[in-house]
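In: after the sequence you'll find the predicted model.
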Amino acid sequence: MANDNSSWQAGAPGIGQGFGSAGESSASDGLTGGNGFAAHSTVRPDYFPIDAYGVIGDLHTIALVNPHGGIDWACFPIFDSPSSFARILDDRLGGTFTVSPVRFAASELSYVPGTNILATEFWSDGATVRLVDFMPIFKEDGNRIDREAAYICREITTQGTQPVEIEIEFDPSPDYARGVSDFDCEAGGCVATCGDLTLHASAPVTWDPYERIGRVTVVPGEKLYLVLCAGAAVVSGPLGAWFEDAAAKTEQYWNRWIAQCLYDGLWSDIVERSALALKLLTFKPTGAIIAAGTTSLPEGIGGARNWDYRFSWLRDSALTLNALFVLGFAEEAQEFVDWMLTLRPGRDEPIQILYPVSDVDTTEEIELSHLSGYRGSRPVRIGNAARDQIQLDVYGEVIDTLFLHSIYGGPIDDSVWDYVLELADRICEEWQTADEGIWEVRGDKQHFTYSKLMCWVGLDRALRIGRDQGFVGPFERWETEMAAVQAFINEKCVDPQGQYLTQSSTSRAADASNLLAPILGFVDPNDPIAKNTVSQTLEQLTKDGLVYRYLTDDGLTGPEGAFNICTFWLVEALAMVGRLEDAHEIFRGMLELASHLGLYAEQTDLNGRIALGNFPQAFSHVGLINSALTLNSLVRRGSARTSSLDSDDAAAAASTQPAGSQ
């Protein structure tokens, strides 16, 4: 073992402290209200709450780490590769890589500030054990040295007067637990292999090959290094020196990246944490951005709404880039635009709504019947059949992103303008078509209001790009079709009595996506339609400050929770129509629902206030960033009554300059 001269200070506070509500776990099911797992008991539940996990990654894949030091989800070498560890989807078959003291009383997760390096503190009698986890990023540009080489690095130190016995469970279950892996360890116990994974240790480990469990003693003042190598990954040279180099370069990478953030307004800590979470979901080799890092975490416990989100939806990616733009991150946008241009189909071919992150197509939807699912939520799915749907809103979201790119990233070139021309022409030709809409319903196609709204946005932004930058295009045609879209919405998608935007041309129901109408400039915030749409969202879709996306039949069975980004949209819309006290109250409620690390899943269960859906979810973090910037901007302009703010928030608002003011 090496002497303890680590750059991570034992006991140093992580950025996770202060987010959410800290709570003890329940020995019965591991769940509590409040979604914040600062301290966790030593009793391991069958399943941890979804947002009890920390997340590490290297811009190619991620891993989820539970409060007991267990990696319960990881796919190698990239996001949509088959899983090697998937205990989160089946506590018996899924496989895990767990490192913890043999005995401890409680544990706590935190992030090393300004990074995606995770630290877990374990407390036991007379000792504190610190486990640091990260996936190394060696190159300054974020690419791997070898694209097929993935690593997970784990460092264990202890403070106290006595040695501490550490237990290591190294139990991969390859190919979504469909494969078989033989365990083997070399003489001396410093190297163990299981299938195509190799675990290196800096000290001899005593292994039980049958149980795949090893033990090693860590002495105060020394460090134990563990390095998991996947695929083509190798450790060159002495393990300790290699590890320290990896740690230093990884910390430097994250520090440099977050230093680009221009935002220094209210709630800056959790805004930066959301930005770091979004960066974890980017695939560096292509610029693709995935919707979430997992598959099949349920939208309702025990239900069938379990989907694979490890793909790049053009919509989700566009909204993610828009949030990163206003924070000062422009590189991601350029990389995504470059990638998107490589995906362009022929003029007569449909544009897919989602893509795999690499050139290997993994999007075919398959059910894995052998896996029990998170807390019995079946089926577990890989791939996503939504790839074949028609979702007209995607055109508008992509053009809106290119419009923002032209503002924040500089003038666009002819190749990008040609793409704008194609997308705008497609809108003109297809906007009168029924589609499955933003929520990807699996029932009949409809004329969804939000789809038409985004067609209007797409034409509006195309006109702005063309005229602002002196391009030539069929502007008169776009203006004509834009007016026709607006007339369709006003005549067929506004409730005659309530004067609010409805879900579709044949429904009177509210839909949370319509909250974006004033945010995107389709309707003036002072227009009665904008105010009534907000009021109907509160009346029809909101309960206890949380918003359902819709409550109409979508062709699927089973429950789902409130949709986090919809609640954040409500915050923005309330603020824009002048209901600032209400906006701030709901926003603060959402901050309390963040995990202790400041992370969000897709949805929230209203009954238990627990996280639901895939995790971490890009949409949710996009919503938080946009809501914080909107509220901060209004406070800066003196539009908000500071009585609704904490005194510390009001003081911060008076002395900070927001980035990307609305």
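Out: In hand now; what should we look at? Numbers count the residues shown, from 1 in each chain.
In: which residues of the stretch 201-350 of the chain fall in strands?
Out: Secondary structure of the stretch 201-350 of the chain, counting by DSSP state E, counting those that start in this stretch: strands at 206-208, 213-218, 222-231, 282-283, 288-289, 312-313.
In: can you lay out those as CSV showing distance to residue 180 and mean neighbour count?
Out: The C-beta positions use only the backbone N, C-alpha and C, and glycine is treated the same way. Listed next are these as CSV, based on distance: least, C-beta to C-beta, whole Å; neighbours: other C-beta atoms under 10 Å:
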stretch, distance to residue 180, mean neighbour count
strand 206-208, 19, 15
strand 213-218, 19, 19
strand 222-231, 17, 22
strand 282-283, 29, 26
strand 288-289, 31, 25
strand 312-313, 32, 29
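In: mind putting those into TSV with mean pLDDT?
Out: Shown next, in TSV, are the strands of the stretch 201-350 of the chain (pLDDT from 0 to 100):
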stretch	mean pLDDT
strand 206-208	95
strand 213-218	97
strand 222-231	97
strand 282-283	98
strand 288-289	96
strand 312-313	96
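In: so for residue 477, which of those strands sits nearest?
Out: With C-beta to C-beta, the closest approach to residue 477 among the strands of the stretch 201-350 of the chain belongs to strand 312-313: 28.5 Å.
In: coming back round to it: format the strands of the stretch 201-350 of the chain as TSV; extra columns: distance to residue 572.
Out: Output for those, formatted as TSV (distance: least, C-beta to C-beta, whole Å):
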stretch	distance to residue 572
strand 206-208	54
strand 213-218	49
strand 222-231	41
strand 282-283	24
strand 288-289	21
strand 312-313	21
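In: count of neighbours near the closest residue in space to residue 362 that isn't next to it in sequence?
Out: What sits nearest to residue 362 in space, not counting adjacent residues and going by C-beta to C-beta, 6 or more residues apart in numbering, is residue 80, at 4.5 Å. Using other C-beta atoms under 10 Å, residue 80 is surrounded by 23 other residues.
In: how near is residue 80 to residue 507?
Out: Counting by C-beta to C-beta, to the nearest Å, the separation of residue 80 from residue 507 is 35 Å.
In: quick revisit: that's a strand at the residue nearest to residue 362, yeah?
Out: No: looking at residue 80 with DSSP: H, G, I helix; E, B strand; the rest coil, it is coil, so not inside a strand.
In: what residues of the one helix or strand residue 456 maps to count as buried?
Out: Using DSSP states H and E, residue 456 sits within helix 449-468. For helix 449-468, burial by neighbour count (16 or more other C-beta atoms under 10 Å) applies to 449-463, 465-466.
In: just the C-alphas of it, formatted as PDB.
Out: Taking Å, rounded to 0.1, in the frame of the first residue of the first chain, the C-alpha atoms of helix 449-468 are listed here in PDB:
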ATOM      1  CA  THR A 449     -50.900  21.100 -29.800                       C
ATOM      2  CA  TYR A 450     -47.200  21.000 -28.800                       C
ATOM      3  CA  SER A 451     -46.200  19.400 -32.100                       C
ATOM      4  CA  LYS A 452     -47.900  22.200 -34.000                       C
ATOM      5  CA  LEU A 453     -46.400  24.800 -31.600                       C
ATOM      6  CA  MET A 454     -42.900  23.500 -32.200                       C
ATOM      7  CA  CYS A 455     -43.500  23.600 -36.000                       C
ATOM      8  CA  TRP A 456     -44.300  27.300 -35.500                       C
ATOM      9  CA  VAL A 457     -41.100  27.800 -33.500                       C
ATOM     10  CA  GLY A 458     -39.100  26.000 -36.100                       C
ATOM     11  CA  LEU A 459     -40.300  28.300 -38.900                       C
ATOM     12  CA  ASP A 460     -39.900  31.400 -36.700                       C
ATOM     13  CA  ARG A 461     -36.300  30.500 -35.800                       C
ATOM     14  CA  ALA A 462     -35.400  29.600 -39.400                       C
ATOM     15  CA  LEU A 463     -36.600  33.000 -40.500                       C
ATOM     16  CA  ARG A 464     -34.500  34.700 -37.800                       C
ATOM     17  CA  ILE A 465     -31.400  32.800 -38.800                       C
ATOM     18  CA  GLY A 466     -31.900  33.400 -42.500                       C
ATOM     19  CA  ARG A 467     -32.500  37.100 -42.100                       C
ATOM     20  CA  ASP A 468     -30.000  37.900 -39.300                       C
END
